[in-house]
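Peer 1: coordinates only, sequence not included:
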């Protein structure tokens with residue numbers, strides 16, 4: 001059982017303290033970005049699995065797929081792995097949480113995103129960007145993984161990340177991306193071109209080398225760059241991808257092929273995503289990225305990677321197997337695609353007008369997560385684009401609070417697996433007639449409908465939705481909901497009659513063009529990334545008896561407008577959130593299952609009584625509580641102490657006033673001695689026939705799971 005909350009009162013105190021510290025501290029190290037050459041990229045890449053072994057795998061396409069190396073023994077002299085230049089592939093995911101032998105289903109169902117740093121070797125912003133993205137994600141995830149078993153190391157890395165401008169809230173969000181996605185990074189697909197600072201690979205343009213909309217199919221897959229990307233796409237089911245280029249500034253999406261003058265079947269969703277990428281990138285030289293379809297905004301090409309990755313699995317009239325002659329050929333079966341292989345939103349990011357802008361225009365880590373940050377530049381803006389892509393690739397719903405106490409999102413803790421036992425006992429509280437529950441929705445834009453589902457554990461366990469390791473089967477979920485509705489209308493038997501649905505709400509996520517709604521009531525410091533929406537409702541427990549266990553889920557439908565065009569969408573990312581019949585599994589077992597409803601991990605309420613002793617993982621997190629609480633005193637500069645003292649004096653004065661006002665109620669609770677039936681983190685509540693009690697392992701001050 002994982003039982004982890006923190007008082008909203010304490011969270012508010014610490015949020016104000018954090019803002020004060022951030023505003024006054026001069027200890028944040030501002031680090032300008034600088035170009036990484038081929039040797040630096042390889043050195044950093046090969047260091048990643050040694051430094052972060054539980055989060056990253058690194059290999060070359062030569063070793064993984066038996067591909068040749070481009071170049072001669074005079075190229076990439078630093079590389080002993082190949083006669084020429086190796087093509088490195090970085091794969092980031094939580095290798096413990098999603099261990100293929102122990103958690104095969106979650107391993108195969110992870111949503112996948114790809115970053116390609118450079119198809120054209122003289123376009124220099126992309127490779128540096130994607131390496132900096134990898135380092136940022138992995139450092140945050142590694143740090144957050146120490147929550148459970150290495151308090152001292154967690155404290156140390158937390159301070160180091162704060163010094164780099166990554167606050168606690170942002171660190172947990174970055175860790176969540178690593179813990180719940182698979183991110184594939186190819187720093188320089190055109191490794192030879194990047195080393196030589198040339199557009200082509202040995203005279204062949206890799207971005208005209210893909211089997212889509214060509215006249216001569218012997219002139220595709222001629223380059224190692226194209227073959228590397230082809231093999232990666234065959235191995236995975238990639239929903240969203242960026243291919244970084246330069247020579248102009250733009251975010252382009254399909255179509256970008258001469259044979260397609262009409263909008264793509266996914267044009268609406270592509271436009272929404274591109275517009276938000278443009279916004280989150282912010283302004284460089286007073287300009288945000290223009291965005292639109294590539295035919296209109298850039299120019300159409302034959303054999304481009306973007307349209308190939310989007311449509312080669314379903315637009316069969318414009319693709320055929322390749323029969324190249326270079327590098328002793330490439331068998332045609334490698335370019336015969338399954339129906340689900342190539343249905344990717346593969347967006348072209350033209351990073352800058354100059355193919356190699358001045359180093360002072362690359363930006364820095366200052367206010368990195370804000371589109372209006374002081375350190376914005378060509379690298380920093382594209383780091384943010386990448387992070388938004390990782391978040392938006394799949395919706396998620398998270399229960400965040402009960403009666404003002406925050407709940408730890410177990411999905412966001414690296415290495416903490418969503419087993420049935422841990423998930424179904426995520427939080428345990430005792431309560432009375434009503435409980436206020438909060439939740440949030442992420443990985444989407446429009447929250448079309450969201451509500452809570454709750455009922456007695458016995459009824460939930462008899463259903464087909466008590467899934468904790470994965471989302472439930474969408475057809476089974478729909479059938480179950482219809483059955484409960486029939487019960488409530490007097491039809492069918494009464495099995496499951498305790499199950500209730502709260503009134504539906506609508507909202508917007510942090511990525512929406514009009515901002516998140518409903519808004520969090522907690523302050524967010526300037527320069528931070530946008531805050532999540534916070535949905536709230538009270539649930540009626542008057543029909544339950546003391547000792548009953550009540551399971552609560554939050555449920556949401558999102559982005560239904562993406563599937564409202566005249567043409568049926570063909571992409572994975574649209575159908576995965578709007579179409580329950582959409583399902584593809586490739587030969588490697590990677591799976592995409594379409595859904596309309598998304599469920600949170602559940603929590604459990606117990607009416608009356610005490611909590612049982614929490615399990616060992618929670619005890620580890622209690623140590624984490626002490627660690628993070630002490631961080632503020634350890635990391636704050638000495639000249640801030642007086643400011644914090646003044647702030648605490650004001651807060652304590654307010655608390656004393658509230659306590660005096662409630663003395664009458666509390667005196668009744670005291671008369672029960674130390675029975676504990678009305679204790680909530682040192683403060684009492686009373687409502688209805690049962691006293692409200694929350695007795696849970698606490699998170700550190702300021703740990704707000706609205707992330």
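Peer 2: Alright, I've got the coordinates. Since we're looking at a predicted model, the values are computed, not measured.

Peer 1: List the contacts of residue 536.
Peer 2: If you count contacts by Cβ atoms under 8 Å, 6 or more residues apart in numbering, residue 536 has them with 436-438, 518. In this view, the C-beta of every residue, glycine as well, is placed from N, C-alpha and C.

Peer 1: redo that, cut-off 10 Å
Peer 2: Going by Cβ atoms under 10 Å, 6 or more residues apart in numbering, residue 536 touches 400-401, 436-439, 505, 518, 521.

Peer 1: Now it: which helix or strand?
Peer 2: Residue 536 is part of strand 535-540, with elements assigned from DSSP states H and E.

Peer 1: Parallel or antiparallel, which strands does whichever helix or strand comes after that strand pair with?
Peer 2: As assigned by DSSP H and E, the chain's next helix or strand after strand 535-540 is strand 549-558. When pairs are called by DSSP bridges, strand 549-558 turns out to pair with strand 446-456 (antiparallel), strand 597-599 (antiparallel), strand 603-606 (antiparallel).

Peer 1: which of those strands has the lowest average pLDDT?
Peer 2: Lowest mean pLDDT within the strands paired with strand 549-558: strand 603-606, at a mean of 84.

Peer 1: coming back round to it: for residue 86, which of the strands paired with strand 549-558 is the nearest?
Peer 2: Closest approach to residue 86 among the strands paired with strand 549-558 is made by strand 597-599 (39.8 Å; Cβ to Cβ).

Peer 1: How about residues contacting that closest one?
Peer 2: When contacts are defined by Cβ under 10 Å, 6+ apart, strand 597-599 is touched by residues 394-397, 441, 443-444, 449-450, 453, 465, 467-468, 470-472, 474, 477-478, 481, 553-558, 577, 580.

Peer 1: just to revisit the earlier point, make TSV from the strands paired with strand 549-558 and add mean neighbour count and distance to residue 34 to it.
Peer 2: Below are the strands paired with strand 549-558 laid out as TSV (neighbours: other Cβ atoms under 10 Å; distance: least, Cβ to Cβ, whole Å):
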stretch	mean neighbour count	distance to residue 34
strand 446-456	21	39
strand 597-599	21	41
strand 603-606	22	46
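
Peer 1: Which one of those lies nearest to residue 46?
Peer 2: Of all the strands paired with strand 549-558, it is strand 597-599 that lies closest to residue 46, at 37.8 Å by Cβ to Cβ.

Peer 1: Could you give the separation of that closest one from the chain centroid?
Peer 2: Using Cα atoms, centre = their mean, to the nearest Å, the distance from the centre of strand 597-599 to the centre of the chain it belongs to is 16 Å.

Peer 1: With stretch 379-388 instead?
Peer 2: When distances are taken as Cα atoms, centre = their mean, stretch 379-388 is centred 13 Å away from the chain's centroid.

Peer 1: Give me the mean pLDDT for that stretch.
Peer 2: Stretch 379-388 shows a mean pLDDT of 98.

Peer 1: Over to stretch 220-239?
Peer 2: Stretch 220-239 shows a mean pLDDT of 98 in the predicted model.

Peer 1: for the helix or strand residue 273 falls within, packing partners?
Peer 2: Assigned by DSSP H and E, residue 273 belongs to helix 267-281. Using 3 or more Cβ pairs under 10 Å, 6 or more residues apart in numbering; DSSP states H and E as the contact criterion, the neighbours of helix 267-281 among helices and strands are strand 248-253, strand 291-293, strand 345-352, helix 378-392, helix 572-575.

Peer 1: To residue 152, which of these lies closest?
Peer 2: Taking Cβ to Cβ, helix 378-392 is the member of the helices and strands packed on helix 267-281 nearest to residue 152, at 28.5 Å.

Peer 1: mean confidence for the following helix or strand past that closest one?
Peer 2: Next along the chain after helix 378-392, taking DSSP H and E as the criterion, comes strand 396-402. pLDDT averaged over strand 396-402 equals 93, rounded to a whole number.

Peer 1: now stretch 502-515
Peer 2: Per-residue pLDDT values across stretch 502-515 average out to 95.

Peer 1: hmm, back to that, will you turn the helices and strands packed on helix 267-281 into TSV that also has mean neighbour count?
Peer 2: Output for the helices and strands packed on helix 267-281, formatted as TSV (neighbours: other Cβ atoms under 10 Å):
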stretch	mean neighbour count
strand 248-253	23
strand 291-293	21
strand 345-352	26
helix 378-392	25
helix 572-575	26
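
Peer 1: With distance to residue 309 as extra columns, can I get the ones you listed in JSON lines?
Peer 2: Compiled in JSON lines, the helices and strands packed on helix 267-281 are given as follows (distance: least, Cβ to Cβ, whole Å):
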{"stretch": "strand 248-253", "distance to residue 309": "11"}
{"stretch": "strand 291-293", "distance to residue 309": "15"}
{"stretch": "strand 345-352", "distance to residue 309": "4"}
{"stretch": "helix 378-392", "distance to residue 309": "14"}
{"stretch": "helix 572-575", "distance to residue 309": "11"}
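
Peer 1: With respect to residue 540, which of the ones you listed lies nearest?
Peer 2: The nearest among the helices and strands packed on helix 267-281, by Cβ to Cβ, is helix 378-392 at 33.9 Å.

Peer 1: Just want the angle from the closest one to strand 248-253.
Peer 2: 10 degrees (axes from the mean of the first three to the mean of the last three Cα atoms, to 10 degrees).

Peer 1: what packs against helix 378-392?
Peer 2: Of the remaining helices and strands, those touching helix 378-392 by 3+ Cβ pairs under 10 Å, 6+ apart are strand 112-116, helix 125-145, helix 168-180, strand 182-186, strand 238-245, strand 248-253, helix 267-281, strand 345-352.

Peer 1: can you tell which of those is closest to residue 337?
Peer 2: The closest of the helices and strands packed on helix 378-392 to residue 337 is strand 238-245. By Cβ to Cβ, the value is 12.7 Å.

Peer 1: Can you tell me the strand partners of that closest one and which way each runs?
Peer 2: Neighbouring strands of strand 238-245 in its sheet, by DSSP bridges, are strand 112-116 (parallel), strand 345-352 (parallel).
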